[in-house]
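>>> Here is my input; please provide its structure:
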Amino acid sequence: MPSVFYQVHHGFYFAYHNTTVRPGVVNAVKRAKELYGNIDIMVTGHSMGGAMAAFCGLDLTVNHETGNVQVVTFGQPRIGNAAFVSYYSQLVPNTIRVTNGHDIVPHLPPYYPHFSQKTYHHFPREVWLYNIGFGSWAYTVEKVCDGSGEDPTCSRSVSGNSISEHLAYYGVKMGGENTCKVIMDPRLAMYSTEDFEGNFILSRDPFASVVKATTEPNVPSDVL
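Down below sits the predicted model:
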């Protein structure tokens, strides 16, 4: 049998595996399971954070035996070749990549359809946001794309040349000048606490070992 060659983006891979992000997330998941049992885990991120979220979801599934892992990313770049995408899709099937209009980042690194097995490739499932109508009659719709990861009728059908559409999803501005803000529904914020390691915990009956969050973490925008 021919050998399978998995290839991933070196920078994105090391941004998750060789920084403090990985132990912080793994410890937070371990603690959450100790407190609440075998709960579902959702990993999310925007842009480079989306690439890291995908590696995180795979890491939790393969190396930490965490079941029911869901991954939702926004404006995520491609992170591996077709062989890696096939491997990832089998292990983390509950994955959604949200792309927005002409967002430039999901088009990077480039995909070459004539060399689909040897080039960077997106994994499924993409949900593409795009506008229809004109002027004040324009509104955004969601299109659930096919299972290939590279649906030619979704974000690949347009030129990826927009930075502004990369910086806002569902009307929420992603990041800021120097910080990355955590966006939370006000109905959930009243139950939000932050522990001493900076992990957010949602609970109606928080444990005494956590403290109420009063400030937003000063985290570089390319980390989340």
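>>> Assign a three-state SS to the residue nearest to Arg125 when sequence neighbours are not counted, would you?
Excluding its sequence neighbours, the residue lying closest to Arg125 (C-beta to C-beta, 6 or more residues apart in numbering) is Ile96, at 5.8 Å. C-betas here are computed from N, CA, C, even on glycine. When classified by DSSP: H, G, I helix; E, B strand; the rest coil, Ile96 comes out as strand.
>>> For Ile96, list each beta-bridge partner.
Note on Ile96: beta-bridge partners by DSSP bridges are Val72.
>>> Could you do the one 4 residues further on as well?
For Asn100, the beta-bridge partners are Leu129 (DSSP bridges).
>>> these two touch, right, it and Leu129?
Yes - using C-beta atoms under 8 Å, Asn100 is in contact with Leu129, at 4.7 Å.
>>> Comparing those two, which shows the higher neighbour count?
Of the pair Asn100 and Leu129, Asn100 is the one with more neighbours under other C-beta atoms under 10 Å, namely 25 against 19.
>>> I'd guessed the residue nearest to Arg125 sits against Gly57; true?
No - the criterion here is C-beta under 8 Å, and Ile96 misses it with Gly57 at 11.2 Å.
>>> which neighbours do those two share?
Common contact partners of Ile96 and Gly57 (C-beta atoms under 8 Å, 6 or more residues apart in numbering): Val71.
>>> Asn27: what secondary structure?
Look at Asn27: counting by three-state DSSP, its state is helix.
>>> any idea how far it lies from Leu35?
13 Å (C-beta to C-beta, to the nearest Å).
>>> Would you mind telling me which of Ile96 and Gly57 has more residues around it?
Neighbours were counted for Ile96 and for Gly57 using other C-beta under 10 Å; Gly57 has more, 26 against 15.
>>> what about that one, which SS state?
Following three-state DSSP, we place Gly57 in the helix state.
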